[in-house]
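S.K.: Any chance you can model this:
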Amino acid sequence: MSVAPFSLLPYRRTVNTICVAAVAATLVAGIIASVAAPNAREPRAKCRDHRRHTVELAPAEMTITPPPRAATCSDPVAGTWVADEFRPEQADWIEHELRISVDDDGYRVAHTARLRDGDARGHARLDCMPDAIEFDTSGRAKLEGDQLHVRGKYLEATRARCTGETLTYDLDYFTGTLAGDTFDSVNNDGNTARDRPYHFRRIACA
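M.R.: Okay, the predicted model is just below:
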């Protein structure tokens, strides 16, 4: 009978199909391996160690240049002195600038006071300038041992804040201990300032 040849034909086709698929898979795998192999041989890029980088740079970055030393002034009193203090009871800051020069019988003083709104964190910011009410006074200074006395004599000028606000001014009388370029004083103006502390520092010799 001719049944056997007909029953083997599908089997032979199945075997041939499997062989072809296996060969194709082998070729594809070889191609992929050949492409991937060079990349596999390349060294992997290393991740940058940011922590070590930061630590290495930290000493240089954190080095703070010390401020220049104060100039050695030939006169113990003459120079420009400044103090900036917060007044909690007034909710404002007041800056005093004393320009003291040698006179025949002591020292003469040109004084500028600037009054700004603010709180303990600092000055308030205004949308216009100047943001301070300013006063110019003149007076005298006298040194007795290490005790410095700076007394206002005349109110020379008053400049309003940009908002138009201005105030009256009581002449200051600073007294305290002079030590190099610092002047720890209290102010008495005959009105609201009663032994109010102000710490002055000299920023220039003239």
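
S.K.: Flag the shaky bits of the protein, pLDDT-wise.
M.R.: Applying pLDDT under 70 to the chain flags the ranges 1-71.

S.K.: For Leu171, which three-state class applies?
M.R.: Here Leu171 takes the coil state, with states given by DSSP: H, G, I helix; E, B strand; the rest coil.

S.K.: pretty sure it is touching Ser138, no?
M.R.: No: if you go by CB atoms under 8 Å, Leu171 and Ser138 don't touch, sitting 9.7 Å apart. C-betas here are computed from N, CA, C, even on glycine.

S.K.: hey, what's in contact with both of those two?
M.R.: Common contact partners of Leu171 and Ser138 (CB atoms under 8 Å, 6 or more residues apart in numbering): Gly152, Lys153, Tyr154.

S.K.: Spatially nearest residue to the second one (excluding sequence neighbours)?
M.R.: Read it as Lys153. Gly139 (4.3 Å; CB to CB, 6 or more residues apart in numbering).

S.K.: cool, and the first one?
M.R.: Across the structure, with CB to CB, 6+ apart as the measure, the residue nearest Gly152 apart from its sequence neighbours is Leu171 (3.5 Å).

S.K.: got it, and Tyr198?
M.R.: Nearest-residue entry for Tyr198: Ala83, 4.3 Å, with adjacent residues in sequence omitted and distances by CB to CB, 6+ apart.

S.K.: which element is the one you found on?
M.R.: Element membership of Ala83, judged by DSSP states H and E, is strand 79-87.

S.K.: need the contact list for Phe200.
M.R.: Phe200 makes contact with Trp81, Val82, Ala83, His96, Leu98, Phe174, Thr182, Phe183, Asp184, Ser185 under the criterion CB under 8 Å, 6+ apart.

S.K.: Need those residues in CSV (columns: neighbour count).
M.R.: Listed next are these as CSV, based on neighbours: other CB atoms under 10 Å:
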residue, neighbour count
Trp81, 28
Val82, 17
Ala83, 19
His96, 22
Leu98, 28
Phe174, 27
Thr182, 15
Phe183, 23
Asp184, 14
Ser185, 26
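
S.K.: if you look at the residues you listed, which of them are in strands?
M.R.: Mapping those onto strands (DSSP state E) picks out Trp81, Val82, Ala83, His96, Leu98, Phe174, Thr182, Phe183, Asp184, Ser185.

S.K.: so the fifth one sits right up against Arg108, yeah?
M.R.: No: shown here, Leu98 and Arg108 do not form a contact pair, counting by CB under 8 Å, at 10.8 Å.

S.K.: which residues do the two both contact?
M.R.: Counting by CB under 8 Å, 6+ apart, the residues touching both Leu98 and Arg108 are Ala141.

S.K.: nearest spatial neighbour of Asp75, skipping sequence neighbours?
M.R.: Distances taken as CB to CB, 6+ apart place Val102 nearest to Asp75, at 6.1 Å, with adjacent residues excluded.
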